[in-house]
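> What shape does this take:
(one chain, ligands or ions: 2)
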Amino acid sequence: MSVLVTGGLGYIGAHIVVELSAHFEKIHIIDDLSNANLSVLENLRKLVPEEKLIFHQGDIRNPEFLENVFGESIDSVVHLAAKKAVGESMSNPLLYYDVNVAGTLNLIKAMRNHRVKKLIFSSTACVYKEKTLPHTEDDTLEPENVYGQTKLISETMIGDYAKSDSEFQAIILRYFNAVGAHPSGLIGEDPRGIPNNLLPYIQRVALGSLPQLNIFGDDYNTPDGTAIRDYIHVVDLAHGHISALLNLTPGVKIYNLGTGKGSSVKEVVEAYEKAINREINKRVAERRPGDVDVLLADPSKANRELNWRSEKTLSDICEDDWRFARNSKIVI
Ligand SMILES: NC(=O)c1ccc[n+]([C@@H]2O[C@H](COP(=O)([O-])OP(=O)(O)OC[C@H]3O[C@@H](n4cnc5c(N)ncnc54)[C@H](O)[C@@H]3O)[C@@H](O)[C@H]2O)c1
Ligand SMILES: O=c1ccn([C@@H]2O[C@H](COP(=O)(O)OP(=O)(O)O[C@H]3O[C@H](CO)[C@@H](O)[C@H](O)[C@H]3O)[C@@H](O)[C@H]2O)c(=O)[nH]1
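Ligands and ions are numbered 1, 2, ... in the order given. Predicted coordinates for the structure are as follows:
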């Protein structure tokens, strides 16, 4: 059996590739290297038997490229390739519609042409209308940014396509905050330039390549005043994809992948300080525009129907992240 992972050299995709290797004979990876590099492939080859990995460098917006890849025998697709920066999606919306919507459309056309019937799609908590209680999958959908909008349009497209083909089987996974790294220290998140996200920023401060962490606001409506998120270890997230592949049935199902447990910015900083056994240089700064008080998953549907639950703790997240940081000698 063979599986195609689009965006398979990216942060989450690479972790999924490792877990897939226990279940599939061949893993085809598509990546255009727009947000990844070939060193990830080298490290994957240390974790996955070499004969299982087939890398196709190219862009999902290119139908001819996809035709070539689908010329190989492919049974199922895990589709992650996308642009994911919320701020950039507001300043360059057409890029997001192009890669996330048109790219997904091309991929589904190629799947239709080659009668590939199984799809796992990466969506996001950004599709939900803001609320402080944990989100269930049937909550109101009202993305506040272009990124979330492009994911919601893709979800709708997948749903409409499934109605036209009774054999089509899809699971949409809405991820909350993906963090941490592979316990081997070989793969993890390595954003280009100055990181936007909390964990990579803390990591750079811990490494000494950035001087100070800015805690964006301590006047949120939360117990310690800093914003609360649902941080899920990337390996737990990867396991969720295996459970999804094993539970595909005709039609489309949607699941949250989160822990259901919130951590504040201060709690994350404290956990990281514990993992590295020293303090991190930090200060409280202005709120970041667009941030909400609380964003939490209700993962009970995935727990129940996919027989999946997150297992790793916030300290596992920080320890694994730090191991990857030291191992990969990250620099900005
Ligand atoms: N990181 C998170 O917290 C998070 C949360 C919710 C959803 N997601 C979704 O999960 C998926 C993976 O996210 P990630 O954090 O691993 O991001 P990432 O940027 O590390 O991975 C995406 C990969 O896709 C590749 N890619 C981008 N455009 C492409 C194109 N046109 N053709 C081929 N390859 C292309 C990039 O080079 C990259 O390797 C995305 O769909 C993202 O929207 C991520
Ligand atoms: O330097 C920093 C960076 C972040 N934060 C705070 O840390 C929290 C988490 O921020 P961040 O790591 O940027 O994640 P989110 O803004 O919650 O968004 C992430 O998680 C979403 C899913 O929940 C995904 O859809 C997004 O793509 C992904 O960036 C927020 O309260 C931020 O204000 C800081 O205080 N200082």
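
> Give me every residue in the chain lying close to ligand 2.
84, 86, 124-126, 176-177, 196-198, 201, 214-216, 227, 229, 265, 288, 291, 295 (CB under 6 Å from any ligand atom). C-betas here are computed from N, CA, C, even on glycine.

> Mind giving me the ChimeraX command for buried ones among those?
Only the buried members of the residues of the chain next to ligand 2 end up in this ChimeraX selection, burial being decided by 16 or more other CB atoms under 10 Å:
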select :84,86,124,125,126,176,177,198,201,215,216,227,229,265,295
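
> which sections of this structure are below the confidence cut-off?
The model of the chain has pLDDT under 70 over residues 329-332.

> Could you confirm whether the helix or strand hosting residue 274 reaches ligand 1?
Residue 274 is located in helix 265-276, with elements delineated by DSSP states H and E. No - Helix 265-276 lies out of reach of ligand 1 by CB under 6 Å from any ligand atom, never closer than 13.9 Å.

> That helix packs against which elements?
Using 3 or more CB pairs under 8 Å, 6 or more residues apart in numbering; DSSP states H and E as the contact criterion, the secondary-structure elements in contact with helix 265-276 are helix 198-207, strand 213-216, helix 314-328.

> Any chance of TSV for the ones you listed, columns distance to residue 236?
What follows is the helices and strands packed on helix 265-276, written out as TSV (distance: least, CB to CB, whole Å):
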stretch	distance to residue 236
helix 198-207	15
strand 213-216	25
helix 314-328	9
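
> correct me, but residue 84 touches residue 146?
No - counting by CB atoms under 8 Å, residue 146 is not a contact partner of residue 84; they are 11.4 Å apart.

> Spit out the contact partners of residue 44.
Listed by CB atoms under 8 Å, 6 or more residues apart in numbering, the contact set of residue 44 reads 9, 14, 17, 18, 53, 187.

> Which of the three states applies to it?
helix (DSSP: H, G, I helix; E, B strand; the rest coil).

> Look up how far residue 5 lies from it.
11 Å (CB to CB, to the nearest Å).

> which neighbours do these two share?
Common contact partners of residue 44 and residue 5 (CB under 8 Å, 6+ apart): residue 17.

> right, and the helix or strand after the helix or strand hosting residue 54?
Secondary-structure element containing residue 54, defined by DSSP H and E: strand 53-57. With elements assigned by DSSP H and E, the helix or strand that comes after strand 53-57 is helix 63-70.

> buried sites along that next one?
Going by 16+ other CB under 10 Å, helix 63-70 has these buried residues: 65, 66, 69, 70.

> could you say what helices and strands that helix packs with?
Of the remaining helices and strands, those touching helix 63-70 by 3+ CB pairs under 8 Å, 6+ apart are strand 53-57, helix 103-113.

> what's the most buried one of these?
Across the helices and strands packed on helix 63-70, averaging neighbours per residue (mean count of other CB atoms under 10 Å) puts helix 103-113 on top, at a mean of 20.

> what's next to it, contact-wise?
6, 59-63, 66-67, 69-70, 77, 79, 81-82, 116-117, 119, 121, 154, 157-158, 161, 165.

> That helix and ligand 1, are they touching?
Yes - looking at helix 103-113 against ligand 1 by CB under 6 Å from any ligand atom, the contacts come from residue 103.

> quick one, that helix and helix 63-70 angle?
For helix 103-113 and helix 63-70, the angle between their directions (axes from the mean of the first three to the mean of the last three CA atoms, to 10 degrees) works out to 50 degrees.

> ok now the top helix by length along the chain, how far from the chain's centre?
Of all segments of type helix in the chain, defined using DSSP state H, the longest is helix 146-164. From the chain centre to the centre of helix 146-164 is a distance of 17 Å (CA atoms, centre = their mean, to the nearest Å).

> Give me the helices and strands touching that helix, please.
Helices and strands in packing contact with helix 146-164 are listed as helix 86-91, helix 93-96, helix 103-113, strand 118-124, strand 169-175, strand 251-257; criterion 3+ CB pairs under 8 Å, 6+ apart.

> residue at max distance from the center of the protein?
Each residue of the chain has a distance to the centre, and by CA atoms, centre = their mean the biggest one is for residue 278: 29.2 Å.
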